[in-house]
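> Pasting the sequence and the predicted coordinates here, then a few questions.
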Amino acid sequence: MLTASRSVDQIGIQERVARLHSRSIKKESKVQALILALSMIDLTTLEGRDSPGKVYQLCYKATHLHERFPGLPHVAAVCVYAPMIKVAKSALRGSGVKVAAVATAFPSGMLNLETKLAEVTRAVQDGADEIDMVISRGRFLSGDYDYVYDEITRVKQACERAHLKVILETGELVTLDNVRAASDLAMAAGADFIKTSTGKVQPAATPEVTLVMMQAIRDYHRESGRRVGLKPAGGISKAKQAIQYLVMLRETLGQDWLTPNLFRFGASSLANDVLMQIIKQSTGMYQSPGYFSID
Amino acid sequence: MPGIKSTLNFDTDWSYSPAPQSSGEVTLRERYGLFIDGESRPAASGEYFQSINPATEEKLCEVPQAGADDIHRAVAAAREAFTHTWSRMPAAERGKFIFRIARMIQERARELAVMESMDGGKPIREARDVDIPLAAAHFFYYAGWADKLDYAFPGRSAQPLGVAAQIIPWNFPLLMAAWKLAPALAAGNTLVLKPAETTPLTAMILAEIVRDSGIPPGVVNIVTGGGETGQMLVRHPDVDKIAFTGSTAVGKEIMRVLAGRGKRYTLELGGKAANIIFADAAIDQAVEGIINSIFFNQGHVCCAGSRLFVEESVFAEVIGKLQERMETLIVGNPLDKNTDVGAINSREQLERIQAFVEIGKQEGGEVYQSSCRLPDKGFWHAPTLFSNVSQSHRVVQEEIFGPVLAVQTFRTVDEVITKANNTPYGLSGGVWTDKGAKIFKVTRDIRAGVIWANTFNKFDPASPFGGYKESGMGREGGVEGLLPYVRLGA
């Protein structure tokens, strides 16, 4: 049953974010955070010009992050459009890297539900391990929460064994109260993960929005016992930002969420900056960007 | 405990490495002097006492034990400077000196922050982000008033009082010195300042800053010592005004001493603030605000929100979240940039807090303490929360001045207002609700000098601060903060 969502105080959230961002993460704890961040990345390519060749290259990168530095983890998943699922699936066979596919008329979600469900069914058949759906933001903003709830439950059914990430597109929801309400709605409807953004709308993930979603996850877990994951996506390109997100995660949700099973970064260029920082921590100096592959 | 059992685990595999603030730029002298008539000098008796670091119990430095002769000399220097220089100087010139002090505090901010943390035990983050910037801000603010007193009191002529004796506490040493010095100087008074016995260090640096600012000798005098030194200052016949911040017990004693003497005084004393959280509040942000209101500066804050009232329908949620949040507080080395809660200021204060916690337990209160590991050396107290207590419990009635929160429930707005006012104190308060009308009703009906809505512990030099009832009299900050330092003529 849905109850009214908690209200969110924007100033309070901003102050908490600022406080958490002032944590000083150095030395061993920095290296540990960087390696953890690397393992949580959903390496993403979501462009109209994506081709099998491009996706193949990205998949190779996902499993061979930096050969010169052995012992690094692989990323959590590769995130692609539906037509690229099969390419990614075959490129990643046996690697442990998941294939995530965006669906439900990503990024706008402007399509009838039956067609969206068909898209999801097909994506699952093609082998997607994870489905990243978008909610109908227009419906949400017009107050038609029942529609959004039903939409998510139907997509969840269509996912079968695949994990469902629900993209709220917080840049279009605008207020933190809306973000909180949409998070509560998505979790109640069965989301395995809630995700901030498509990356196609600005602002994408922000620390404020992410913290509100973490608090929603915490409350939902307290009430239901179920652990829902979180994926901030878009706009996180620097290692320092990633560490700040991990600080928020550690101090809001704790140990159980410090795993790729429950936390992901949706990002295309974050991996190389994290790698560069890891090498810097180990050698004491920055290497030229030329040493880091850009697939 | 009535709260929800937390299922979150904050004892994480990934934790933060120590991130100590470098104390390299801080050079402590072995001994400091009394600052009288522009010069540093030992006490007439030649006696010194130690200031220690409460986080390590190691000695930091020695400061002079000022006696009657020293007090007399300091007051005489202040009188001389008042009569012959400071009160005759054009107000705009006075303002320039105050501006200069403000800038020099900024220039030496890092050093001051490290010293404040070492001497008093507060986290470097707070000293760096709160104490020192606010101290500078107070000087900047009052510097601007120096030549605009006619606008502060329209139609009246504002004359300085003369020599002010200013006695400050150990919880915000430099900041409290700024609160006292800045308005007194802006209004044209000279002064003798006495920092607290356990935290004299930043006042010693302030003396250097005052000297380097070129302010005429004798305008600012700083003497060190304990309660006795303070008494001598209060009783000195040639002092025109007393400004005291500290405990209500000492405040009452000062009033007894001054009774019938016709001297001006302001007292900023204790508090036992009500922090009220309604069911419609943004709960997570309210919890964060409660944490900051009671654990900021280890609870050594006169306006700390030490009595929490929670609307009964959200009690379990709030207390569960408070306990979870207490688990994530980092308690330890004050000089570590990640530390949230530092050391208790002194052994005496620690024992006082421990005694109160013991009383609370004996009275039947349910106690919850953060499971943090406390360092072996130094003075430490874990963040502590009492529930199952009432207005009749001593931990609810008395000011503990430590990281101890007493939680009660309420059902209606009228009930909580009555209970919030059911205290001899009236310094501050807090209300957390999403409803604007409720904010107006509660803040109007609670008798306290400052009440925050959906936030807590926000300070600004332009905003007056002070108490009702036994929390004191007079205001510091803002235009109101000038009033205790002037005589208004026609």
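Right, received. Where do you want to start?

> Spell out for me which residue occupies the centre of chain A.
Note on chain A: the residue nearest the mean C-alpha position is A:K231, at 2.7 Å, using C-alpha atoms, centre = their mean.

> B:G320 versus that residue, what's the distance?
Counting by C-beta to C-beta, to the nearest Å, the separation of A:K231 from B:G320 is 27 Å. Every residue, glycine included, has its C-beta placed from N, CA and C.

> Surely B:Q285 touches B:T433?
No. Between B:Q285 and B:T433 there is no contact under C-beta atoms under 8 Å: 11.6 Å.

> joint contacts of those two?
The overlap between the contact sets of B:Q285 and B:T433 (C-beta atoms under 8 Å, 6 or more residues apart in numbering or on different chains) consists of B:N454.

> In three-state terms, how would A:L46 be classified?
Following DSSP: H, G, I helix; E, B strand; the rest coil, we place A:L46 in the coil state.

> Looking at it now. What's its pLDDT?
At A:L46, the model reports a pLDDT of 96.

> Could you do A:M1 as well?
For A:M1, pLDDT reads 40.

> Next, find the distance separating the residue lying closest to B:T423 once chain neighbours are set aside from B:F356.
Once flanking residues are discounted, B:T423 sits nearest to B:K272: 5.2 Å by C-beta to C-beta, 6 or more residues apart in numbering or on different chains. B:K272 sits 12 Å away from B:F356, going by C-beta to C-beta.

> Likewise for B:A91?
Distance from B:A91 to B:F356, by C-beta to C-beta: 47 Å.

> Same check on B:N275?
18 Å.

> ok, those two, which is more surrounded?
When neighbours are counted by other C-beta atoms under 10 Å in any protein chain shown, B:N275 and B:F356 differ, and B:N275 comes out ahead with 26 against 21.

> Show me what that one bridges to in the sheet.
When bridges are called by DSSP bridges, B:N275 pairs up with B:L308, B:G430.

> And the pLDDT for it?
For B:N275, the predicted pLDDT is 98.

> Give me the spatial nearest neighbour of the residue in the stretch 251-400 of chain B that chain A sits nearest to, chain neighbours excluded.
Closest residue of the stretch 251-400 of chain B to chain A, C-beta to the nearest C-beta: B:Q285 (2.8 Å). In space, and not counting its chain neighbours, B:Q285 is closest to A:G12: 2.8 Å by C-beta to C-beta, 6+ apart.

> Surely that neighbour touches B:G289?
Yes. Applying C-beta under 8 Å, one finds A:G12 in contact with B:G289, separated by 6.8 Å.

> what touches both of these two?
B:N454, B:T455.

> And the strands in chain A?
Under the criterion DSSP state E, chain A contains strands at A:41-44, A:77-81, A:98-102, A:130-134, A:163-167, A:193-195, A:229-231, A:265-267.

> related to what we said a few turns ago, who touches the residue nearest to B:Q285 in this structure?
Per C-beta under 8 Å, 6+ apart, neighbours of A:G12: B:A282, B:D284, B:Q285, B:A286, B:E288, B:G289, B:N454, B:T455.

> ok, and the most crowded of those?
B:A286 (29 neighbours).

> average model confidence for the helix or strand containing it?
In this assignment (DSSP states H and E), B:A286 forms part of helix B:283-295. Helix B:283-295 carries an average pLDDT of 98.

> which residues make contact with it from outside it?
A:6, A:8-9, A:11-13, A:15-16, A:215, B:273, B:275, B:277, B:304-306, B:308, B:314, B:317-318, B:321-322, B:325-326, B:329, B:340-341, B:383, B:403-405, B:430, B:432, B:454-457.

> from the chain's centre, how far out does that helix sit?
Centroid displacement of helix B:283-295 relative to its chain, using C-alpha atoms, centre = their mean, to the nearest Å, is 19 Å.

> Could you tell me how many residues sit around residue 115?
The chain I'm using is chain A. A:T115: 11 neighbours (other C-beta under 10 Å).

> My question was about chain B, not that one.
B:M115, neighbours per other C-beta under 10 Å, totals 25.

> Cheers, nothing more for now.
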